[in-house]
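Trainee: show me the folded form of this:
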Amino acid sequence: MMRAGLGPFAVAGPVGSGKSTEIATATTELNLDTELFAVDLSLDQFLNMREITGADLLWAIGGSLFEVVARPHLQLQLELPDEERSRLTGKCPSHQGHLESGPYRDAFLAVVREFKKKALSKSQVAILLDGLEKCPEEKARIAVRTFLSLRDEVEFAFVVPPSLVIGPANVELLSELRVFPIRPVPVIEKQGAHWKEGRQFLADIFRRRMGKDTNVEALAPLMETAAISSGGLPRTFLQLMRDMGGYATVANRELPTREDLDNAMRDQADSLRRLLRDGDMQVMQAADGSDGLEIPIERRVRLLTHGLLLENEVEDRVIVRMHPLLGPPDWISLYA
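Mentor: Next up is the predicted model:
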């Protein structure tokens, strides 16, 4: 989709669904393209995401692009005016009291245009950004507007908070973006035809994390239960498997048992329940299996963001389910 120039893309999804992994993987695959140069950047490693300005953003992505293209594998010597070079390699604008974004926009565009001129085979630049989901909504909105102003020069994809892509208040912004939702992996038959592939996907992640020496086959039944219990969220699945192994180690067992997994599930359920507010359970139970549109937007955004309420696409229809770990003890079997 980025190769086809269909963006900019707003990547959104619950905590632990794999948004950062999607950005990193897409960057790697895009760089296999002979005509496209892609850079991914975690903005929260450079900036205070609660206080960002447009100038800060342009400084961070322009400076990172300038640094990357100068590395040995590219060895491009970009010829920039000293003033623009110093802007991108100096301190963060807001730390210097510089809040005007215009000069930093010019410096960013100078890097992009100089790169395209020097790297003749790379006619397009793609910037993939992580971290905006940690911004207050209005700060994230300013950031997106900044990126939209540059879309004629660069392909953009950026992770955003769900509050920016849900509800009628965002109609104008959504008309200029293509939303790319990262939803939980389907893990039960009710979630569509690809549920077996979803479970296999989670199992493959676990295998890669644990290495070749792990007796994964012996853990297969427990992995299936952990996959269902996770609701299809990769981070939750891996946390369950990790905690299960920890309980087995404490008990001096070579291999985990269902009791170890039950303890891990109980811990994870407790963590999720701490995020609940008054009325959340009743609202989620009432909406379970529907499109969830009857839930007030502010509550729906919060529940979806924290993975308490999960969206799945089933036969071209998006439905919501309460996270399986929030139900009674027999909920997991009913969920499956």
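Trainee: tell me where the protein has helices.
Mentor: Remark: helices assigned in the chain by DSSP state H are 19-30, 54-69, 82-89, 102-118, 137-148, 171-174, 195-210, 220-229, 234-250, 258-273, 280-287, 297-305, 331-335.
Trainee: so which of these gets nearest Asp130?
Mentor: Asp130 lies closest, by C-beta to C-beta, to one member of those: helix 19-30, at 5.1 Å. Every residue, glycine included, has its C-beta placed from N, CA and C.
Trainee: if you count contacts, what does the closest one end up packed against?
Mentor: Counting contacts by 3 or more C-beta pairs under 8 Å, 6 or more residues apart in numbering; DSSP states H and E, helix 19-30 is packed against strand 9-12, strand 36-42, strand 124-130, strand 155-159.
Trainee: and the third one, which strands flank it?
Mentor: Take DSSP bridges as the rule and strand 124-130 pairs in its sheet with strand 36-42 (parallel), strand 155-159 (parallel).
Trainee: quick one: the ones you listed as JSON lines, columns for distance to Ala218 and mean pLDDT too.
Mentor: Converted to JSON lines, the strands paired with strand 124-130 look like this (distance: least, C-beta to C-beta, whole Å; pLDDT from 0 to 100):
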{"stretch": "strand 36-42", "distance to Ala218": "37", "mean pLDDT": "91"}
{"stretch": "strand 155-159", "distance to Ala218": "37", "mean pLDDT": "95"}
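Trainee: closest to Gly245 out of these?
Mentor: Proximity to Gly245 (C-beta to C-beta) singles out strand 36-42 among the strands paired with strand 124-130, at 28.2 Å.
Trainee: and the closest one, C-alpha only, in CSV?
Mentor: Below are the C-alpha coordinates for strand 36-42, written out as CSV (Å, rounded to 0.1, in the frame of the first residue of the first chain):
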residue,chain,number,x,y,z
LEU,A,36,12.1,3.4,-2.2
PHE,A,37,14.1,4.3,0.9
ALA,A,38,12.4,3.8,4.2
VAL,A,39,13.3,4.9,7.8
ASP,A,40,11.5,4.0,11.0
LEU,A,41,11.8,6.1,14.1
SER,A,42,10.5,5.7,17.6
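Trainee: hmm, who's touching that strand?
Mentor: 2-3, 20, 23-24, 26-27, 30-31, 60-61, 64-65, 68-69, 115, 119, 122-131, 155 (C-beta atoms under 8 Å, 6 or more residues apart in numbering).
Trainee: one more time with 7 Å
Mentor: Outside strand 36-42, the residues that touch it by C-beta atoms under 7 Å, 6 or more residues apart in numbering are 3, 23-24, 27, 30-31, 60-61, 64-65, 68, 119, 122, 124-131.
Trainee: same check on stretch 294-302?
Mentor: Outside of stretch 294-302, the residues that reach it under the criterion C-beta under 7 Å, 6+ apart are Pro162, Ser163, Ile166, Gly167, Val283, Ala287, Gly292.
Trainee: state the pair within these that is farthest apart.
Mentor: Ser163 and Ala287 (18.2 Å).
Trainee: quick one: least confident helix or strand in the chain?
Mentor: Within the chain, no helix or strand scores below helix 331-335, which has a mean of 55 by mean pLDDT, DSSP states H and E.
Trainee: ok, now which ones touch Met241?
Mentor: Met241 touches Phe206, Ala226, counting by C-beta under 7 Å, 6+ apart.
Trainee: go again with 8 Å.
Mentor: Here Met241 is in contact with Phe206, Leu219, Met223, Ala226, Ala264 (criterion: C-beta under 8 Å, 6+ apart).
Trainee: between those, which sits nearest Lys196?
Mentor: Nearest member of the contacts of Met241 to Lys196, counting by C-beta to C-beta, is Met223, at 13.1 Å.
Trainee: just checking, the closest one touches Asp204?
Mentor: No: taking contacts as C-beta atoms under 8 Å, Met223 lies outside contact range of Asp204: 10.5 Å.
Trainee: compare those two (neighbour count), which wins?
Mentor: Higher neighbour count among Met223 and Asp204: Met223, with 21 against 11, using other C-beta atoms under 10 Å.
Trainee: chain neighbours aside, what residue packs nearest to that one?
Mentor: Ala203 (5.4 Å; C-beta to C-beta, 6 or more residues apart in numbering).
Trainee: try Thr257
Mentor: That would be Ala248: by C-beta to C-beta, 6+ apart, it lies 7.0 Å from Thr257.
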